[in-house]
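Engineer: Below are the sequence and a predicted model; questions follow.
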Amino acid sequence: MKFDAVLPPMHLKDVPAVAKAAEAIGFDALWTTETQHNAFLPHALIAEHTSKIEMGTAVAISFARSPGDIAYTAWDLAAQSEGRFILGLGTQVKGHITKRFGMDWPDSVVGKLREQIGAVRAIWQTWQTGEKLSFNGDYYKLRLMTPFFDPGPLPPLPSGHPPRERGGVEGGYIPIYIAGVNTGLARLAGEVCDGFHAHPFNSPRYLREVLTPALEEGAAKTGRSRADVSVSLSAFVATSPEEANFARMQLAFYASTPSYRRVMTHHGWGETAEKLTGHAAKKEWAEMPMLITDEMLEEFVTYADSPADLPTALQKRYDGVVDRLTVYTPFVPGEKDDFWRALLGGF
């Protein structure tokens, strides 16, 4: 199991120091989110100021971008990082796509994302091999790539570089992960992707009983297995009452989202999820954490008496289910350094 870190929201000028510290302390990868800042831009700086650590988006919002935009950005970052970049895509929910980004919401989320991934890989295939660009789908039709706009193939990986995941193009090396909570996107990840970003709002039980079978079902469609898909999870942890209370607040927020309700329903807490949705609609934020019971926390949060005990607790909880693990707390150098050293010491 690899242990990764999440870059907190920050201005680009602060990224190099965090990237250097993350590599020095021993994380396997550094992920960026797309909340207050662009998810791709920090990776140009991470690549420049590190030499070993992997890096990726967890996630960049796919439906806010065209396949061409995604393809060019990932290609450049893969080249600059010498094969350390992982493209992680997420669909977001309808309200954000239509009201925050001003884009159309598709008739089929899974259908459009499958096409988007296929279109990106078709562009990469053209750049890598010189083949004519030809992609025809319901959402995207691509057939123009002249030499003026073709960046050419990615250079070979450096000598001694560990083998990359399949990446989807002959000679290329950009793995694609997608994020999801429900089975449709999990099946898609198993079918066409190199990895799956499981949402933080997940329990080991939901992962084992719902998402893993969906991944396996999707993988079987293309002659693959679960072992061909790397599952990455950002996990809630608590070594103090304060951390448990923080997790309670975050879980209340996630559980109020209608598209995530299946997780609560699977555990028999659908009625609580409906109440949380009602409070959120009325902006009654203070009432929401009180609906998250200790039993719910036990399902979603990994507890340990100290940071040094967390690795054992996390591995026991997620062994065989998760391949890459982060904790929900972003990595900030100078804050909780002892916590991170103790945690990494067990992985």
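Structural biologist: Good, I have the coordinates.
Engineer: which helices and strands does the strand ranked longest in the chain pack with?
Structural biologist: Ranked by number of residues, the top strand in the chain under DSSP state E is strand 230-238. Under the contact definition 3 or more CB pairs under 8 Å, 6 or more residues apart in numbering; DSSP states H and E, strand 230-238 sits against strand 195-198, helix 241-255, strand 301-303, helix 310-318, strand 324-327. Every C-beta, even on glycine, is put in place using the N, C-alpha and C of the backbone.
Engineer: Could you tell me the angle between the longest one and strand 230-238?
Structural biologist: This means helix 241-255. 130 degrees (axes from the mean of the first three to the mean of the last three CA atoms, to 10 degrees).
Engineer: follow-up on the earlier one: could you check how sure the model is about the longest strand of the chain, as an average pLDDT?
Structural biologist: Mean pLDDT, strand 230-238: 96.
Engineer: Could you tell me which strands that strand is paired with, and in which direction each runs?
Structural biologist: strand 195-198 (parallel), strand 301-303 (parallel), strand 324-327 (parallel) (DSSP bridges).
Engineer: Just name the most buried of the helices and strands packed on strand 230-238.
Structural biologist: The highest average neighbour count among these, using mean count of other CB atoms under 10 Å, belongs to strand 195-198 at a mean of 26.
Engineer: Could you list the low-confidence segments of the chain?
Structural biologist: In the predicted model, the chain carries pLDDT under 70 at residues 160-172.
Engineer: do that again at 50, thanks
Structural biologist: 165-168, 170-171 (pLDDT under 50).
Engineer: Which stretches in it count as strands?
Structural biologist: 2-3, 5-6, 29-32, 54-57, 60-61, 85-90, 135-136, 141-142, 176-180, 195-198, 230-238, 301-303, 324-327.
Engineer: hmm, who's touching the second one?
Structural biologist: By CB atoms under 8 Å, 6 or more residues apart in numbering, the surrounding residues in contact with strand 5-6 are 22, 27, 29-33, 58, 234, 326, 328-331, 340.
Engineer: wait, which of these is closest to Ala247?
Structural biologist: The shortest gap between Ala247 and any of the contacts of strand 5-6 belongs to Tyr328, at 7.5 Å (CB to CB).
Engineer: how about the helices and strands packed on strand 230-238, which one is nearest Ala286?
Structural biologist: Among the helices and strands packed on strand 230-238, helix 241-255 comes nearest to Ala286, with 9.9 Å by CB to CB.
Engineer: chain center to that closest one, what's the gap?
Structural biologist: Centroid separation between helix 241-255 and its chain, computed with CA atoms, centre = their mean, to the nearest Å, is 20 Å.
Engineer: What segments of the chain are helices?
Structural biologist: Assignment of helices within the chain using DSSP state H yields the ranges 15-25, 41-49, 67-80, 94-99, 109-129, 183-192, 204-206, 212-221, 241-255, 261-266, 270-281, 294-300, 310-318, 337-344.
Engineer: Pick the most buried one from these.
Structural biologist: Most buried of these by mean neighbour count (mean count of other CB under 10 Å) is helix 183-192; its value is a mean of 23.
Engineer: angle of that helix against strand 176-180?
Structural biologist: Using the same axes, to 10 degrees, helix 183-192 lies at 170 degrees relative to strand 176-180.
Engineer: Could you list every helix and strand in contact with helix 183-192?
Structural biologist: Counting contacts by 3+ CB pairs under 8 Å, 6+ apart, helix 183-192 packs against helix 109-129, strand 176-180, strand 195-198, helix 212-221.
Engineer: tell me what the longest one is packed against?
Structural biologist: By that I understand helix 109-129. Under the contact definition 3+ CB pairs under 8 Å, 6+ apart, helix 109-129 sits against helix 67-80, strand 85-90, strand 135-136, strand 141-142, strand 176-180, helix 183-192.
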